[in-house]
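Student: Got a sequence here, can you build the structure:
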Amino acid sequence: MTDRTSFGGLPVTTALRTAFDLGRQAPRIDALVAVDALLHRRVVNLPALRRYATAHPGWPGLPLLREVLTLAEPLSESPMETRLRLPLLDAGLGPVAAQHDVLDPRGRFVGRVDLAWPALRLAVEYDGDHHRERAHFRRDVARLNALRAAGWLVLRFTADDVLRHPAHTVAAVAAALRERQATAVARPH
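Tutor: Model (predicted):
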C-alpha cells in the first residue's frame with residue numbers, strides 16, 4: 001500500500017497516513033484534536049488507524065499515537081469539545097459519553113448533549129460564540145429548560161473556561177459529579 005495519493009494534481013499523503021502522522025506529533029492535545037476531527041469526518045476509522053500503527057513499529061511518536069488512540073472519540077464534533085473532554089479524562093472523571101441523546105421518561109427526544117454521565121443525568125456543554133446569536137440563544141434556553149425538566153444538570157463552558165481556566169472547569173465538573181453521586185445514593189430506588 002502506498003502512503004501517497006493525488007489531490008488536485010498534487011501529491012499528498014493518504015488520509016490514513018495523515019492521521020498517523022498527526023497523531024504522533026506533540027503536544028498530545030493537538031494530536032488528539034486532529035485524530036478526533038479526522039475520525040468524526042469519517043476520513044479514517046479507528047480500527048484502520050490502529051492496524052496502520054501496529055504495522056509501523058518503532059516509528060517516532062508511536063507511544064503518543066497509541067495513547068491518542070485510547071482517548072480518541074469519533075463522536076467529538078469540534079476541536080473545543082475534544083479540548084474540554086481531555087482534561088476531564090486526565091482528572092479521572094471518565095468514562096464520559098460523547099453526543100448523548102437525552103430522552104424524557106416517555107422516551108421522547110429532549111436534546112443531545114456534548115458530554116454526559118447518563119446514569120447521573122449530568123451533561124457538560126461547550127458553547128462557542130455562535131450560541132450568542134439570537135435564534136440559537138432562544139433554542140438553547142428552551143433546550144436547557146427541557147433538559148432540566150427531564151432531571152438533567154447541564155454545565156456550560158466557553159473557550160475562556162476551556163483554554164484559560166481548565167483547572168476551574170475540571171473542579172466545577174468534579175463538584176457536580178460528587179453532588180449528583182451523593183444525590184443518587186440518597187435517592188431511594
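
Student: Figure out the length between the terminal residues of stretch 72-80.
Tutor: Between the opening and closing residues of stretch 72-80 we find a distance of 14 Å, counting by CA to CA, to the nearest Å.

Student: quick one: contacts of it?
Tutor: For stretch 72-80, the surrounding residues in contact (CB atoms under 8 Å, 6 or more residues apart in numbering) are 32-33, 35-37, 39-40, 42, 45-46, 82, 85, 98-99, 114, 126, 128, 159, 162. In this view, the C-beta of every residue, glycine as well, is placed from N, C-alpha and C.

Student: got any ranges where the protein has weak pLDDT?
Tutor: Within the chain, the set of residues satisfying pLDDT under 70 comprises 1, 129-134, 187-189.

Student: Please parse it into its domains.
Tutor: 4-71, 79-186 (automatic domain parsing).

Student: got the CA coordinates for whichever helix in the chain runs longest in CSV?
Tutor: The helix of greatest length in the chain, counted in residues with DSSP state H as the criterion, is given as helix 166-186. Coordinates of the C-alpha atoms in helix 166-186 are reproduced here as CSV (Å, rounded to 0.1, in the frame of the first residue of the first chain):
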residue,chain,number,x,y,z
PRO,A,166,-9.0,24.3,32.7
ALA,A,167,-8.4,23.6,36.4
HIS,A,168,-11.5,25.6,37.4
THR,A,169,-13.5,23.8,34.6
VAL,A,170,-12.4,20.4,35.9
ALA,A,171,-13.1,21.4,39.5
ALA,A,172,-16.7,22.5,38.6
VAL,A,173,-17.4,19.2,36.8
ALA,A,174,-15.9,17.2,39.6
ALA,A,175,-18.0,19.0,42.2
ALA,A,176,-21.2,18.4,40.1
LEU,A,177,-20.3,14.7,39.7
ARG,A,178,-19.8,14.4,43.5
GLU,A,179,-23.2,16.2,44.1
ARG,A,180,-25.0,14.0,41.6
GLN,A,181,-23.4,10.8,43.0
ALA,A,182,-24.4,11.8,46.6
THR,A,183,-28.0,12.6,45.4
ALA,A,184,-28.2,9.3,43.5
VAL,A,185,-27.0,7.3,46.6
ALA,A,186,-29.5,9.2,48.9
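
Student: list the buried ones in it?
Tutor: Neighbour-count burial for helix 166-186 flags 166, 169-170, 173, 176-177, 180 (criterion: 16 or more other CB atoms under 10 Å).

Student: Mind putting the residues you listed into CSV with distance to residue 17?
Tutor: Shown next, in CSV, are the buried residues of helix 166-186 (distance: CB to CB, whole Å):
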residue, distance to residue 17
166, 32
169, 34
170, 34
173, 36
176, 41
177, 39
180, 43
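
Student: Quickly check the residues you listed for the two that are furthest apart.
Tutor: 166 and 180 (21.0 Å; CB to CB).
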